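Peer 1: sequence-free structure coming up:
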């Protein structure tokens, strides 16, 4: 997924090869991760797609099925991965992920601790942010989930940047070997306040911490505990509103429109029969409006910075 | 030099203490004033009506808090702030919030209210002259505050919350605090958004973070940017590249200012990865280098260099109403422009060789933040420069240019996964039994059009 070397990145000349991970794009809300394998096929409502047809094509290509249906083949990115990964837990989405990485001030070379690993949605973006010289150590107490996440990081080619551990961080804290070494700690735990003292121990001076909690009661307790060792304690909620566009021709009526009885203007595009006159018959305009449904809540993000003693 | 020091130097943004010549963000009184400064022994900062040296800040860990005090012989000076945690339980003030209110019973047992407070300006018996006298005798800021409280007829009648507020207000005036913050994308963006949003095209920090994610900014990638937001975008991208790949700052016509890049503590390694090119150079055919006569290029370059030097001194971004205009000039005089200019050589002109390699391979992604340019015109030209399947993210403070651009991209079948999004960011006050969203919030952080370029010929 990430270019470990400049030559390995996606370019005009980099073609899809056997074994590559591709994101099969049907629609913006329908994508799937597929590992290209010479003899395999992909079957969906558009028909049967032979992987062998994909090999040698550039990323971003439109490919056709036996029935003439088509999909696009995209190069994987952490954003696309977040949309296609298998949900073993509730996951973090792009708005929270972006904000967390910016607010934790994660840059290449950072050492980041995370718990829990969950489905690895945030972990993938953390790995991108610390690459090429940093490292993400992520912990989950669920052995099978941790193993699945490890398989995913293998598949996305991030295993050199991420180490998965099976550990109950709320119960026993982060491993002592990271004491004073972490640039940032991220907590997504049911009782984050139990892990905060350990997080404080792991952090470098002036290091940053983020705790993600869906409920305000969790935030309340976390903030109480943070007071003793942390400063700059701030809690945010970040959401996204999406917009849809449509090309529309709005008619405006002029003169004697006594024949009009409130029918839908869009259906009258061709009308020019004297009853009503288009004020601007040739031009159409692009109209925008917010989408009717949105994610209304994900969680609260509480950030803090380890107090600095001189 | 040991290898770890070398490594630190390479990734200067990871250094934990300040150094001479280092750029810092000084946060005065919990964000009341934000000042970008460069730490030189001769550098001075004016707080209120006092001028104090920034020398004590050199070599201190980021995150250190200093307090302004006055000594009877040496005048005002900054010294590390020692928190007085156990003086009494209403003493500790942090982050502009009041910490000690959580003490059991205090909240429920509160019986005081504001019924007996009368605003007639007679409750304080100390006069301005008295305070000046105390100062001359070398009284510390905290001692003055205690004296003010002791001489306030109404302090005891206040609720514990308003006692805290009173204390905080006096602390800001008589014992101002200066926090050294690391100048990184987050803090720089927040500071500008708070104090000088026009310069960064009203680009809010969450929006900036989305741009970087949506455009998949990662090490070893070559990011094409159009940055008409003062260099904030270029700096933020360079920070994420960490000295690998390239950020190509492209522009139509005249090269825009990149002042803000110099505020980041970017190492030379990272600065070398910031290059500039006019859009016409990027679009010109590989075979015809004569289109850019050498002398012409040189003049453009020196011009933009002059521009950089002229505006190089770290600007003070604060409410001038509060501090007086003289304050604004203070730092400009202290930092010789040339010195800062030498420290960073970000934004060299992109070599023909590297431009050719981009024509051959394509850029990894594109980010545009150009509030005053027509979005579709830029995108139409720049999108073909991206490699196949490259993501892009376009910022605008108005919706219509993005909607039109999105519509055209759909018609021309240039991209998929097109989406216009608007982030919404709300901060919360979290206090025992008094948790709620902040009363004031930024209602708007801009719009983003994002998508993925698809193969044009297949």
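Peer 2: Received it, and whenever you're ready, just let me know what you need. All figures in this text were calculated on a predicted structure; none of them were measured in a lab. Residues are numbered from 1 along each chain as shown, chains lettered A, B, ... in the order given.

Peer 1: and the nearest residue to residue A:167 once chain neighbours are set aside, what helix or strand is that in?
Peer 2: Counting by Cβ to Cβ, 6 or more residues apart in numbering or on different chains, residue A:139 is the residue found nearest to residue A:167 once chain neighbours are left out, at 4.4 Å. The way it works is simple: take the backbone N, C-alpha and C, and place the C-beta from them, glycine included. Assigned by DSSP states H and E, residue A:139 falls within strand A:135-140.

Peer 1: quick one: secondary structure of residue A:33?
Peer 2: Under DSSP: H, G, I helix; E, B strand; the rest coil, the three-state class of residue A:33 is strand.

Peer 1: Show the model's pLDDT score for residue B:68.
Peer 2: We have a pLDDT of 86 for residue B:68.

Peer 1: what number of residues lie near the nearest residue in space to it that is not next to it in sequence?
Peer 2: Excluding the flanking residues, the one nearest residue B:68 by Cβ to Cβ, 6+ apart is residue B:176, at 4.8 Å. When neighbours are defined as other Cβ atoms under 10 Å in any protein chain shown, residue B:176 has 22 of them.

Peer 1: Looks like residue B:176 contacts residue B:28 (just checking).
Peer 2: Yes. Counting by Cβ atoms under 8 Å, residue B:176 touches residue B:28, with 6.0 Å between them.

Peer 1: Could you find the closest non-adjacent residue to the residue in the stretch 1-150 of chain A that chain B sits nearest to?
Peer 2: The nearest approach of the stretch 1-150 of chain A to chain B comes at residue A:108, 2.7 Å away (Cβ to the nearest Cβ). Nearest non-adjacent residue to residue A:108, counting by Cβ to Cβ, 6+ apart: residue B:242, 2.7 Å away.

Peer 1: so where is the chain shaky, pLDDT-wise?
Peer 2: Let's take chain A. Low-confidence segments of chain A, defined by pLDDT under 70, span residues A:251-283, A:310.

Peer 1: Let me rephrase: I mean chain B.
Peer 2: Ranges of chain B meeting pLDDT under 70: B:1-14, B:72, B:83-111, B:286-344, B:458.

Peer 1: domain assignment for it?
Peer 2: As given by automatic domain parsing, the domain ranges for chain B are B:17-61+B:63-104+B:120-181, B:184-453.

Peer 1: Could you pull out the helices in the stretch 301-450 of chain B for me?
Peer 2: B:320-323, B:325-334, B:337-343, B:352-361, B:375-382, B:399-411 (DSSP state H, counting those that start in this stretch).

Peer 1: what touches both of residue B:176 and residue B:28?
Peer 2: The contact sets of residue B:176 and residue B:28 overlap at residue B:47 (Cβ atoms under 8 Å, 6 or more residues apart in numbering or on different chains).

Peer 1: so who does residue B:237 touch?
Peer 2: Applying Cβ under 8 Å, 6+ apart to residue B:237 gives the contacts B:212, B:217, B:223, B:225, B:247, B:367.

Peer 1: The fifth one: neighbour count?
Peer 2: In this case it means residue B:247. Residues lying near residue B:247 (other Cβ under 10 Å) number 30.

Peer 1: Help me confirm that residue B:62 comes into contact with residue B:22.
Peer 2: No. Look at residue B:62 against residue B:22 with Cβ under 8 Å: they stay out of range, at 9.4 Å.

Peer 1: Show me the longest strand that occurs in chain A.
Peer 2: Secondary structure of chain A read by DSSP state E shows that its longest strand is strand A:230-248.

Peer 1: Report the strands that pair with it, each with its relative direction.
Peer 2: When sheet partners are counted by DSSP bridges, strand A:230-248 sits next to strand A:285-290 (antiparallel), strand A:300-306 (antiparallel), strand B:415-429 (antiparallel).

Peer 1: Of those strands, which stretch is the most buried?
Peer 2: Of the strands paired with strand A:230-248, the one with the most neighbours on average (mean count of other Cβ atoms under 10 Å in any protein chain shown) is strand A:300-306, at a mean of 25.

Peer 1: what residue is smack in the middle of chain B?
Peer 2: residue B:188 (1.1 Å; Cα atoms, centre = their mean).

Peer 1: which ones are touching the closest residue to chain A within the stretch 201-350 of chain B?
Peer 2: Of all residues in the stretch 201-350 of chain B, the one sitting closest to chain A is residue B:242 (2.7 Å; Cβ to the nearest Cβ). By Cβ under 8 Å, 6+ apart, the contact set of residue B:242 is A:107, A:108, A:109, A:132, A:133, B:11, B:219, B:270.

Peer 1: Out of those residues, flag the one nearest to residue B:446.
Peer 2: Among those, residue A:107 lies closest to residue B:446 (Cβ to Cβ), at 23.2 Å.

Peer 1: who are the neighbours in contact with residue A:199?
Peer 2: A:113, A:174, A:182, A:185, A:187, A:209.

Peer 1: just residue B:70 next, same as before
Peer 2: For residue B:70, the contact set (Cβ under 8 Å, 6+ apart) comprises B:50, B:76, B:77, B:135, B:138, B:141.

Peer 1: Any of these buried? List them.
Peer 2: Buried by 16 or more other Cβ atoms under 10 Å in any protein chain shown: B:76, B:77, B:135, B:141, out of these.

Peer 1: just these now: which is nearest residue A:14?
Peer 2: Distance to residue A:14, by Cβ to Cβ, is smallest for residue B:77 among those, at 59.3 Å.

Peer 1: Once you drop chain neighbours, what's closest to that closest one?
Peer 2: Leaving aside its chain neighbours, residue B:77 sits nearest to residue B:52 (5.7 Å; criterion: Cβ to Cβ, 6+ apart).

Peer 1: and the two most separated of the contacts of residue B:70?
Peer 2: Using Cβ to Cβ, the two most remote members of the contacts of residue B:70 are B:50 and B:138, lying 14.6 Å apart.

Peer 1: All the strands of the stretch 101-250 of chain B, residue numbers only.
Peer 2: In the stretch 101-250 of chain B, the strands defined using DSSP state E, counting those that start in this stretch lie at B:177-181, B:222-227, B:246-251.

Peer 1: Is the first one in proximity to chain A?
Peer 2: No. Counting by Cβ under 8 Å from any Cβ of the partner chain, no contacts exist between strand B:177-181 and chain A, the nearest distance being 8.7 Å.

Peer 1: Alright, I will stop here.
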